[in-house]
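> Let's see this in three dimensions:
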Amino acid sequence: MKRYCLALDLIDDPALIEEYEYWHKKENRRPEIMKSISDAGISNMEIYRTGNRLFMIMEVEDDFSFERKGKMDAENPKVQDWENFVWKFQKPLEWAKPGEKWVLMDKIFELK
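Numbering: from 1, shown residues only. This next block holds a predicted model:
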């Protein structure tokens, strides 16, 4: 099993951040989005926030690929609707490539 860490910023507005967190609470999640995450081979996902910076940890199956996930998402109207919806809360990191939301982070330290 592999682990990936990604980062993204939210628009620095307390009301928008509160609403973003609302839509990520267990009782408010869209089931079709949860299914798309699992179907892509993501076995666990956690998102943490400090200020307006988000940090995502993804644990994935051995056959997971970002390319396959991207293709699946592009072909799924429910996922596209979700991505368009959450974009009103999000803003790319300064160093993100054009069109890139979540930016893959480099591991620079491990205790083990």
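
> Which residue ranges of this structure form helices?
Along the chain, counting by DSSP state H, helices occupy 14-24, 31-39, 66-74, 77-86.

> Show me what the second one is packed up against.
In this case it means helix 31-39. Contacts defined by 3 or more Cβ pairs under 8 Å, 6 or more residues apart in numbering; DSSP states H and E place helix 31-39 against helix 66-74, helix 77-86. Glycine gets a C-beta too; all of them are placed from N, C-alpha and C.

> next one: the last one
The elements that helix 77-86 packs onto, with contact taken as 3+ Cβ pairs under 8 Å, 6+ apart, are helix 14-24, helix 31-39, helix 66-74.

> Nearest to residue 20, out of the helices and strands packed on helix 31-39?
helix 77-86 (7.1 Å; Cβ to Cβ).

> ok and the closest one relative to helix 31-39, angle-wise?
Interaxial angle of helix 77-86 relative to helix 31-39 (axes from the mean of the first three to the mean of the last three Cα atoms, to 10 degrees): 110 degrees.

> Mind listing what's buried along stretch 8-20?
8-10, 17, 20 (16 or more other Cβ atoms under 10 Å).

> likewise stretch 46-63?
Neighbour counts over stretch 46-63 (16+ other Cβ under 10 Å) mark 52, 54, 56, 58, 60 as buried.

> now stretch 97-106
For stretch 97-106, by 16+ other Cβ under 10 Å, it's 102-103.

> All set now, cheers.
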